[in-house]
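Peer 1: missing the sequence, but the structure's below:
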């Protein structure tokens, strides 16, 4: 099997499984598990909190051993076990612990996927990265649209429809956990077919990571990503709760992803072309600005009719902020530090920024209502996007590399 196809399948399964779990986990916590907004925020904050420790650990394991593809496979299979374990947790304490165990593996899957893809596409140029990564979006779209039909069938067969109420819109939602585990576990098994030699197996020496902590452009992009996730991550995590507050249900939440992903697919597929034409700094700036504009429109929207068109900007956020950061890092770090560079970016960006954002969003939901985090985060994202020329220099590698 050709390696671009294998890498595309790994992305398809890993992000496809995320398409089942991510859009609905906060809804499950809030309604099915009965957690408050603040408790939901704490559970979601544990994911990036654990990632702060697990991501650099797995990055160093991958770089020091050179076994990046095998580490990726291990992480995906471990994450599948973590998703399966969520189905057995009850109450705030158990859900917090189970989510933390999941996060130990899952938070390192995507940055290691990025590192392996960039290594395999090293000689093919940045366009090859987009062509592999886009299949993750296709998988996410397919599963996020398909899962509501699977859930409806499950509810009908188990006689759960009678349990619906204003406080519990989707009884039996826990079926998403074994399904997510099955899909992501498949990605881990497919990853075993990836090549283990060449650029993907370059090893780092002890102390090489010191080049990153002294390198200005790398530190700047980490800071920018942290601020971006601080403004935008919490509202994304709480989006199901926001949609429910406007009268939507699980089908509405799933359909909301259609405009989100409609633009994301072509933008991600041609992200390498955009990178060559405009540069990583422009991608980051446009992504942060688009994310801020999206959430500001949502926060001020009187009903869901205004929210729907704003979701088209999600694709710009992914192609800009979510991919722009890793592509900027690829131009900043030596090849033997690919995994460490990517996992550290995710650790401090999604990790620290996500922790604070999730906690603040949960607090604002309880204090001011579901719309408040979207107004605050929207304004912050717009300001951050406009500040790119002041915050980010052009990417370059350390002189010693």
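Peer 2: Good, I have the coordinates. The structure presented is a predicted model; accordingly, all values stated were derived computationally and were not measured.

Peer 1: Now do the buried residues in stretch 230-249.
Peer 2: Using 16 or more other Cβ atoms under 10 Å as the test for burial, stretch 230-249 gives 230-244, 246, 248-249. Every C-beta, even on glycine, is put in place using the N, C-alpha and C of the backbone.

Peer 1: In helices, which of those residues appear?
Peer 2: 230-237, 239-244 (DSSP state H).

Peer 1: Can you give me the end-to-end span of stretch 103-110?
Peer 2: 12 Å (Cα to Cα, to the nearest Å).

Peer 1: How about residues contacting it?
Peer 2: 14-15, 46-51, 54-55, 57-59, 72, 75-76, 78-79, 81-83, 184, 343, 346, 350-351 (Cβ atoms under 8 Å, 6 or more residues apart in numbering).

Peer 1: Of those residues, grab the buried ones for ChimeraX.
Peer 2: ChimeraX command restricting those to the buried ones, with burial defined by 16+ other Cβ under 10 Å:
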select :14,15,46,47,48,49,50,51,54,55,58,59,72,75,76,78,79,82,83,184,343,346,350,351
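
Peer 1: Can you tell me which of the ones in helices among the buried residues of stretch 230-249 comes closest to residue 97?
Peer 2: Using Cβ to Cβ, residue 237 is the member of these that lies nearest residue 97, at 18.9 Å.

Peer 1: Tell me which residues of stretch 22-37 come out buried.
Peer 2: Buried-residue list, stretch 22-37, by 16+ other Cβ under 10 Å: 22-33, 35, 37.

Peer 1: out of the residues you listed, who's nearest residue 150?
Peer 2: residue 24 (11.9 Å).

Peer 1: Spit out the contact partners of the closest one.
Peer 2: 147, 170, 173, 176, 240, 250, 253.

Peer 1: Endpoint to endpoint, stretch 14-32 covers what distance?
Peer 2: Stretch 14-32: ends 25 Å apart by Cα to Cα.

Peer 1: Let's test this: mean pLDDT of it, rounded?
Peer 2: If you average the pLDDT over stretch 14-32, you get 88.

Peer 1: same deal with stretch 149-169?
Peer 2: Mean per-residue pLDDT for stretch 149-169: 77.

Peer 1: Likewise for stretch 274-284?
Peer 2: Across stretch 274-284, the average pLDDT comes to 85.

Peer 1: For stretch 138-158, buried residues please.
Peer 2: Quick answer for stretch 138-158 (16+ other Cβ under 10 Å): 138-141, 143-144, 147-148, 151-152, 154-155.
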